[in-house]
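Asker: Provide a 3D model corresponding to the input given below.
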Amino acid sequence: MLILDIVTTAAVLFIVSAGLLAIFGVLKIINFAHGAWLTIGAYCAVVTAGLGLNPWFALPLAFVVGGFLGGITEHFIVRPLYQRPLDAILATWGLGIVIGQLITLWFGRDVQFTPGLVGGTVDIFGISYSLYRLFALGAAIVIGLGFAFLLEGTRLGLTAQAVIMNEMLAKGLGIDTDKVRLATFIIGTGLAALAGVLLTPLTSVDPTMGVAWLIGAFMLVMVAGSSFGALAVACLVFGGAQVIVSTYISPILGGITVAVLSALVLRISPKGFARA
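Answerer: Model prediction:
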C-alpha cells in the first residue's frame, strides 16, 4: 500500500500544481493567487452541495468560474505587469488575500465539508484502499494527457510553445501573444479551481485552505521549470519522500518535505529537473 500512497500523493500534487505551471511556463510569472483559486473551486463544490445538485456539477462550474475570473484578472491586473515580474508577484499575492477575505465575508470562517465525487474502498491484494485516491490518480493522468495534447496537437499549444521559446520572434511571425497569454491564464486558473474541487474530499474547506497547497505547488513548479514531464517526476519523487517521512518518521516533518527537498535541488541545480 505504500507504493499506492506514493503514486496517489504524487497525483494530488500534480493536480494542484499543473495550473500554476501552465501560467508560469508561458507568462513567466508566478501566480501567487493560485491558492485563492483552489479555494474558489472548493467553494464551488460547497455551493453545488448547498443547492442539492449532483456533486459532479462542481467540476465544470469551478472551471468556468475560475477561468472567467482568471480572464478578468489577467486583463486588468496581470497584463500591465508582464515587464515587472516582482510587481506581478506582489499584485497576485495581494489579490489572493483579497479573495480570501471576500470568501470569508460571504461564507464565514466555519470549516465546511462536501460529499465526495467517488466514495468507498476497493480491495487490492486483500487490503482495502480509498477509491477516491485511485480516482485522483486517474484525474492526474487525464490532466497530463490533456496538456500533452493541448501543447502538441492544437494551434494554441503550438503558439504557446513559440511564445515560451522566443516571444519576440513569435510576435515577428504574427502571433498575437496577448491572446495566447490570456488563454493560458484562463486555462491555468480554471484548472486551479478544478483542482480545488478535487481536493475537497481530502481536506476540509475553509477560506485559507489554499495557502498550504500554494507553498508546495510553488516549490514544485520552481523545480520543474516549464516542463509538465519534469513536474510529474518532481511530484513522484518529492511526493514519495513526503509519504515515507510521514509514515516512518513524523507527519509534521512530512508536511515540509516537499519544500525542503525542492530547496536542496534548486541549490544544487538552479534549473531543477528541467536542466538543459
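Asker: now do the contacts for Ile186.
Answerer: Taking Cβ atoms under 8 Å, 6 or more residues apart in numbering, we find Ile186 in contact with Gly67, Phe68, Gly70, Gly71, Glu74. Where you see a C-beta, it was placed from the backbone N, CA and C, and this is true even at glycine.
Asker: and if you look at Leu4?
Answerer: Ile124, Tyr129, Arg133, Leu134 are the contacts of Leu4 under Cβ under 8 Å, 6+ apart.
Asker: which phi and psi does the last one have?
Answerer: Dihedral angles phi and psi of Leu134 (degrees, to the nearest 10) take the values phi -70, psi -40.
Asker: my read: it touches Thr8, true?
Answerer: Yes - in this structure, Leu134 is within contact of Thr8 by Cβ atoms under 8 Å, at 6.8 Å.
Asker: quick one, which of those two is more surrounded?
Answerer: In this view Leu134 and Thr8 are compared by other Cβ atoms under 10 Å, and Thr8 has more residues nearby, 23 against 18.
Asker: coming back round to it: ok, so of the contacts of Leu4, who is nearest Leu86?
Answerer: Closest to Leu86 out of the contacts of Leu4 is Arg133 (38.1 Å), distances taken as Cβ to Cβ.
Asker: correct me if wrong: that closest one contacts Thr8.
Answerer: Yes - between Arg133 and Thr8 there is a contact under Cβ under 8 Å: 4.0 Å.
Asker: which of the contacts of Leu4 count as buried?
Answerer: Tyr129, Arg133, Leu134 (16 or more other Cβ atoms under 10 Å).
Asker: relative to His75, how far out is Ile215?
Answerer: 27 Å (Cβ to Cβ, to the nearest Å).
Asker: what is the burial count for Ile30?
Answerer: Ile30 has 20 neighbours, counted by other Cβ under 10 Å.
Asker: nope, Trp93 is what I meant
Answerer: Around Trp93 there are 17 other residues, counting by other Cβ under 10 Å.
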